[in-house]
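Colleague: A structural model of the following input is requested.
(one chain, ligands or ions: 1)
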Amino acid sequence: MSLWGSKSSKVMMLRNVPLFKGLSQKQLEQIARLVDEVEAPAGKRLAIVGETGHELFVIVQGQAVVTLPNGRKVRLGPGEFFGEMSLVDGGPRSATVEATTPMKLLVVGHREFWQLLDEAPSLNAKVMRTLAGRLRDAEGGATA
Ligand code: CMP
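Modeller: Just a heads-up that it's a prediction; the model follows:
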């Protein structure tokens, strides 16, 4: 049983997440099986720089702030995701991410992350594009 209701309402919720835009009903149903829904209170640290990370988070509601090692802050809101870097290379968290309001999130575990990308190849490009943008951002180089 999902935290916010039935399986069909989970699929409806996924349909409203921009990351999953354009996916078929069947793909959304498969994805619904791979993600868990969680809530986090304001102030909760969802990723801590330097620690091992095992999940990707997709923001459904609420806001988070990413604090980069150089102290710069980046705000993230609904439809955006974080935690992909540690899943891709198995390395430690590159930044600290904290909820600044109460949040609803989808959590994707390590194994499920790769299944998700297999399930919906269009997500691959979205994750790669975001990852490349964040790397450029971290290095202070030219951005798209
Ligand atoms: P990860 O390194 O697993 O954990 C911290 C997360 O912060 C990281 O994945 C990204 O999802 C996110 N992150 C890192 N750098 C940036 C950035 N420059 N802008 C937005 N988010 C970032």
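
Colleague: tell me the mean pLDDT over the longest helix along the chain?
Modeller: Counting residues, the longest helix found in the chain (DSSP state H) is helix 121-139. For helix 121-139, the per-residue pLDDT values average out at 90.

Colleague: now for that helix, which elements pack on it?
Modeller: Contacts defined by 3 or more CB pairs under 8 Å, 6 or more residues apart in numbering; DSSP states H and E place helix 121-139 against helix 84-89, helix 110-119. Bear in mind the C-beta positions are built from the backbone N, C-alpha and C, glycine included.

Colleague: most neighbours per residue, which of those helices?
Modeller: Among the helices and strands packed on helix 121-139, ranked by average contacts under mean count of other CB atoms under 10 Å, first place goes to helix 84-89 (a mean of 18).

Colleague: ok, and what's touching it?
Modeller: By CB atoms under 8 Å, 6 or more residues apart in numbering, the residues outside helix 84-89 that reach it are 47, 52-56, 91-94, 110, 113, 127, 130-131, 134.

Colleague: That one close to the ligand?
Modeller: Yes. Helix 84-89 reaches the ligand (CB under 6 Å from any ligand atom) through 84-86.

Colleague: Please apply the same query to stretch 129-141.
Modeller: Yes. Judged by CB under 6 Å from any ligand atom, stretch 129-141 comes into contact with the ligand at 134, 137-138.

Colleague: buried residues in that stretch?
Modeller: Of the residues in stretch 129-141, those with enough neighbours to count as buried (16 or more other CB atoms under 10 Å) are 130, 134.

Colleague: now stretch 11-28
Modeller: Of the residues in stretch 11-28, those buried under the neighbour-count criterion (16+ other CB under 10 Å) are 11, 13-14, 17, 19-20, 23, 27-28.

Colleague: residues from the protein in reach of the ligand?
Modeller: Contacts of the chain with the ligand, taken as CB under 6 Å from any ligand atom, map to 47, 53, 66, 68, 74, 82-86, 93-95, 97, 134, 137-138.
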